[in-house]
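Enquirer: Turn this into a structure:
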Amino acid sequence: MTSLPLAGLRIISFEQYGAAPYATMFLADFGAEIIKVEGPDGDYARQTGPRTLGEGDSLYFQCFNLNKRSLVLNVKDAGDRALLHALAADSHAVVNNLRGSLPARLGLDYAALGPVNRAIVCGHISAYGRTGSRADWPGYDFLMQAEAGIMSLTGEPGSPPARVGLSMIDYMTGMMMAFGLVSAIRKAERTGEGGDVDVSLFDTALHQLAYQGTWYLNEGTVTERVPRSAHPSSVPVQLYPTADGWIYICCMNQKFWE
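Expert: Numbers count the residues shown, from 1 in each chain. Here you go, the predicted structure:
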């Protein structure tokens with residue numbers, strides 16, 4: 001059997017809920033060994049309904065934690081911290097999705113783990129980054145959709161702003177972390193030196209504004225909500241009612257229309 005492309009990588013992840021577990025799930029699918037670290041109370045996703053699978057498990061948790069190993073650690077405990085260092089010495093990366101200042105305080109950044117393993121990569125997912133006045137603010141997907149303006153682009157004209165129905169900012173932040181982490185590991189393999197990789201929910205949400213954000217920043221063009229989930233600049237790209245339900249027609253150019 002052909003080995004998976006990330007076979008041989010070991011990644012320790014202090015993760016919970018959505019963004020970081022989503023990132024490491026993809027890395028695990030590509031063959032990396034993921035050691036999922038939880039505190040004594042466990043990942044809160046284990047308690048997230050509506051469908052639980054017995055004590056300490058849920059469909060929500062299982063959705064983001066495939067192909068991983070589990071470990072309970074309290075890094076404030078000297079013995080557990082020594083175990084973390086022993087694992088880090090033989091790992092390629094350590095990931096977390098803690099609030100901005102916590103990784104440094106808990107010894108999960110490169111300043112703390114670089115002396116243990118010079119080539120290790122430390123990946124950080126936070127709400128607003130690890131520096132600045134908002135570093136210690138918590139943040140969640142739905143809040144970022146609101147603050148970045150994504151909700152103002154979603155829904156019908158004249159109706160209240162609406163969120164995207166899925167936690168897309170969590171998922172996109174996870175994918176950005178997966179890409180950044182693998183890129184930094186590649187550099188560490190070449191140079192022998194690791195470092196920190198930072199991804200924030202807020203930066204990701206702003207980045208997802210893409211061409212609507214670029215239109216506004218460069219030309220002051222405000223993208224309004226368009227009826228029936230239409231594209232802001234191409235037609236016919238819109239929901240249409242039929243006798244037995246809705247259909248979505250998407251003709252992005254003349255060829256597809258014909």
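Enquirer: what's the closest non-adjacent residue to residue 152?
Expert: residue 161 (5.1 Å; Cβ to Cβ, 6 or more residues apart in numbering). For glycine as for every other residue, the C-beta is placed from the backbone atoms N, C-alpha and C.
Enquirer: which SS class is that neighbour?
Expert: What DSSP: H, G, I helix; E, B strand; the rest coil gives for residue 161 is coil.
Enquirer: Same check on residue 175?
Expert: For residue 175, the secondary-structure state derived from three-state DSSP is helix.
Enquirer: Quick one: residues contacting it.
Expert: By Cβ atoms under 8 Å, 6 or more residues apart in numbering, the contact list for residue 175 reads 22, 23, 26.
Enquirer: I'd guessed the second one sits against residue 177; true?
Expert: Yes. Here residue 23 lies in contact with residue 177, judged by Cβ atoms under 8 Å, at a distance of 4.2 Å.
Enquirer: what residues do those two have in common as contacts?
Expert: Going by Cβ under 8 Å, 6+ apart, residues that sit against residue 23 and also against residue 177 are 95, 123, 125.
Enquirer: Select from the residues you listed every entry located in strands.
Expert: In this view, the shared contacts of residue 23 and residue 177 that belong to strands under DSSP state E are 95, 123, 125.
Enquirer: picking that back up, need the contacts of residue 175 in TSV (columns: pLDDT and distance to residue 46).
Expert: Shown next, in TSV, are these (pLDDT from 0 to 100; distance: Cβ to Cβ, whole Å):
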residue	pLDDT	distance to residue 46
22	97	16
23	97	18
26	95	20
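Enquirer: So which of those residues are in helices?
Expert: Residues of the contacts of residue 175 located in helices (DSSP state H): 22, 23, 26.
Enquirer: From those residues, pick the one nearest residue 166.
Expert: For residue 166, the closest of the ones in helices among the contacts of residue 175 turns out to be residue 22, at 11.4 Å, with distances computed as Cβ to Cβ.
Enquirer: Would you mind measuring from the most centrally placed residue in the chain to residue 167?
Expert: With distances taken as Cα atoms, centre = their mean, the residue of the chain nearest its centroid is residue 174 (2.2 Å). Taken as Cβ to Cβ, to the nearest Å, the spacing of residue 174 relative to residue 167 amounts to 10 Å.
Enquirer: So for the two, which residues contact both of them?
Expert: Here residue 174 and residue 167 share the contacting residues residue 18, scored by Cβ under 8 Å, 6+ apart.
Enquirer: Between the two ends of stretch 41-48, how far is it?
Expert: 14 Å (Cα to Cα, to the nearest Å).
Enquirer: likewise stretch 195-206?
Expert: Distance between the boundary residues of stretch 195-206 (Cα to Cα) amounts to 25 Å.
Enquirer: from the middle of its chain, how far away would it be?
Expert: For stretch 195-206, the gap between its own C-alpha mean and the chain's C-alpha mean amounts to 9 Å (Cα atoms, centre = their mean, to the nearest Å).
Enquirer: Also stretch 90-99?
Expert: With Cα atoms, centre = their mean as the basis, the distance from the averaged C-alpha position of stretch 90-99 to the chain average is 13 Å.
Enquirer: Give me the below-cutoff pLDDT ranges for the stretch 51-200 of the chain.
Expert: Within the stretch 51-200 of the chain, not a single segment meets pLDDT under 70.
Enquirer: I'm done for today, thanks for sticking with me.
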